[in-house]
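K.L.:
Generate coordinates for the sequence data below:
(2 chains)
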There are 2 protein chains.
Amino acid sequence: VDEQVPAGGIGELGEFALIAAVTKRLPQGGAVLLGPGDDAAVLRAPDGRVVASTDLLLENRHFRRNWSSAYDIGRRGAAANLADIVAMGAVPTALLVGLAAPADLPVSWVLELVDGLRDECLVVSASVAGGDVSSGDLVTVAITALGDLQGRPAVTRAGARPGDQVVLAGRVGWAAAGLAVLARGFRSPRVLVEAHRRPDPPYALGPTLAAAGATAMCDVSDGLVQDLGHIARASGVCIEIHRSALHMTDALRDVGNALNADPYDWVLAGGDDHALVATLPADVEPPVGCVVIGAVTDGSGVLVDDRAYGGPGGHDHFR
Amino acid sequence: VDEQVPAGGIGELGEFALIAAVTKRLPQGGAVLLGPGDDAAVLRAPDGRVVASTDLLLENRHFRRNWSSAYDIGRRGAAANLADIVAMGAVPTALLVGLAAPADLPVSWVLELVDGLRDECLVVSASVAGGDVSSGDLVTVAITALGDLQGRPAVTRAGARPGDQVVLAGRVGWAAAGLAVLARGFRSPRVLVEAHRRPDPPYALGPTLAAAGATAMCDVSDGLVQDLGHIARASGVCIEIHRSALHMTDALRDVGNALNADPYDWVLAGGDDHALVATLPADVEPPVGCVVIGAVTDGSGVLVDDRAYGGPGGHDHFR
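P.N.:
Okay, the predicted model is just below:
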């Protein structure tokens, strides 16, 4: 936070001064033709199509102000949306952010949130190009991400074919284990707590997998088995994966022992790491950074080591 | 509401069944290459640019479930965002909608909201192309609108030049007067109450004004004087308008008398009608449907009948 940040709440500053303070912290990248401050932003969409995804983050549902800093909430919120864009095989170009917050929320909190959104965007050379602020009793962050397919077909969930290999890029289960650790009041292992606070999606591998000929892809936000189930259902196939192919780190194993939990449940059912899972034709060499975890077969559903997975279900927002 | 709508709350139905029920009600227009159901939507952006705007609507701040039907909240929310797109001179193509709601919110309420969003989109041949649902204590609707500039330059707030004429398209003050009527517990004049419930932005005139050479434009969402102030500030000019040029309907005058209020305060400071104000070079014939209400001069600020407007301020979300 720089020295010019007003000390009070955003209500004291007022809507238009807050927008001006936020906008000053947002450099605009090459994809932005018109940034914040008008009725709408104007973004480049070089190949004549635009990929777009939206998410709502609510205080006490998706984040807690006492568990995460504003900066980390920004990083995490941006990461979740940018991962949706790369999961289509696209390159993210911009975020739009709607923010509702109580008038007594410190100005510094909002600016740190914006810094987090901006810095996660910078990882993929995207920009926060516009938004909206209003008052509300709880902090609410609505994020829309836009991206460019660079001339490639979009990689949907519906193209997996029997015979394809199933590949995973990025870590799975780390964020869920980190959350379990925080929920018990612990702060270590630090690597898992950090994974919850700030996911590290394998952004570059989305377009790379698309260019390699991925037949289906999605990001792991609900849990590996559940997200593979989305691909299986949309494609009309069965997906078979194997525990032995999934990387199990010592940290996950240690926390499993300490909390008397099966660490594979975090790996198979934990969300929020925003790894990428994709299916690739059998004759394609998986790109560096991807691990083959199984294969697509005739049938339906997801099999883990040849059986239906009986562990905890994935995420349903109302259950 | 059709007969197949489940009777219970959305929590009973579950996230994925709710998404399926919503998606079934959403026909996808020609601009949508990939609609709801994947990590992201894919939209056409024929001229290589995309216009994008986002807004958050919160229960008890932007709408009340006992004052407006779900259907009208949908129409109104969509209208506010579509108006931002046409105010750039663009044609709307799609909305993305994030919804948070309590588990006991009736499924029928959500489907009516979606019907309202869809029907307002149909007015401009746009589609609800994607979204997100999650649980929250209050109903929260985050709407992002996308549009296409059809090869024209975007019309920003920054291009007004001394000598330009100032034109208005659409009604102003009606929604604010309707809200004043509702707040006093009345339900008529119906035309004003309806204007609050369901704005009627002059969508087609946005692209028409752009094609006619508008030098600046914005939609009237904060209030006519305040929104003209945005143009004056961004363009570095003064905007002078005249009460006598503003159409005063009998309904507004009658409500002013009944509530002992100056009806010009609604016209000059009332938001939410989503009229369009634009500046046009003096030698351009204003398009049919536009009224000349003043002129751009050297200086700064907004003058009403040669004086600074001393009525109620426009809208600040934190004040």
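K.L.:
Please count neighbours and contacts with C-alpha atoms only from this point.
P.N.:
OK.
K.L.:
now A:V22, nearest residue through space, not along the chain?
P.N.:
A:L111 (6.3 Å; CA to CA, 6 or more residues apart in numbering or on different chains).
K.L.:
what's in contact with the helix or strand encompassing that neighbour?
P.N.:
If you go by DSSP states H and E, A:L111 is part of helix A:107-123. Contacting residues not belonging to helix A:107-123 are listed as A:1, A:5-10, A:13, A:18, A:21-22, A:25-26, A:70-79, A:82, A:94-95, A:127-128 [CA atoms under 8 Å, 6 or more residues apart in numbering or on different chains].
K.L.:
Take these and keep only those in helices.
P.N.:
A:10, A:13, A:18, A:21-22, A:70-79, A:82 (DSSP state H).
K.L.:
hmm, back to that, average model confidence for the helix holding A:L111?
P.N.:
Averaging pLDDT along helix A:107-123 gives 97.
K.L.:
buried sites along that helix?
P.N.:
For helix A:107-123, burial by neighbour count (16 or more other CA atoms under 10 Å in any protein chain shown) applies to A:107-121.
K.L.:
Could I get the CA-only coordinates of that helix as CSV?
P.N.:
These are the backbone C-alpha positions of helix A:107-123, laid out as CSV (Å, rounded to 0.1, in the frame of the first residue of the first chain):
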residue,chain,number,x,y,z
VAL,A,107,-9.8,2.0,1.1
SER,A,108,-6.6,0.2,1.6
TRP,A,109,-8.4,-3.2,1.5
VAL,A,110,-10.0,-2.4,-1.8
LEU,A,111,-6.7,-1.2,-3.3
GLU,A,112,-4.9,-4.4,-2.1
LEU,A,113,-7.7,-6.5,-3.7
VAL,A,114,-7.2,-4.6,-6.9
ASP,A,115,-3.4,-5.1,-6.7
GLY,A,116,-4.0,-8.8,-6.3
LEU,A,117,-6.3,-8.9,-9.3
ARG,A,118,-3.8,-6.9,-11.3
ASP,A,119,-0.8,-9.0,-10.4
GLU,A,120,-2.5,-12.3,-11.2
CYS,A,121,-3.5,-10.8,-14.6
LEU,A,122,0.1,-9.7,-15.2
VAL,A,123,1.2,-13.4,-15.0
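K.L.:
Chain B versus A:D39, what's the distance?
P.N.:
The gap separating A:D39 from chain B is 5 Å, by CA to the nearest CA, to the nearest Å.
K.L.:
Report the contact partners of that residue.
P.N.:
B:S53, B:D84, B:I85, B:A87, B:M88, B:T156, B:C218, B:D219.
K.L.:
ok, which of those residues also contact chain A?
P.N.:
B:S53, B:D84, B:I85, B:A87, B:M88, B:T156, B:C218, B:D219 (CA under 8 Å from any CA of the partner chain).
K.L.:
give me the element the third one is part of.
P.N.:
With elements taken from DSSP H and E, the one containing B:I85 is helix B:70-86.
K.L.:
about what we covered before: now the helix holding A:L111, how far from the centre of its chain.
P.N.:
16 Å (CA atoms, centre = their mean, to the nearest Å).
K.L.:
Next, the angle from that helix to helix A:70-86.
P.N.:
30 degrees (axes from the mean of the first three to the mean of the last three CA atoms, to 10 degrees).
K.L.:
Show me where chain A has its helices.
P.N.:
Going by DSSP H, chain A shows helices at A:10-13, A:15-24, A:70-86, A:107-123, A:174-183, A:190-197, A:205-211, A:224-235, A:250-259, A:263-269.
K.L.:
from what I can see A:A212 touches A:V284, true?
P.N.:
Yes - counting by CA atoms under 8 Å, A:A212 touches A:V284, with 7.3 Å between them.
K.L.:
More neighbours: these two, which one.
P.N.:
A:A212 (16 against 12; other CA atoms under 10 Å in any protein chain shown).
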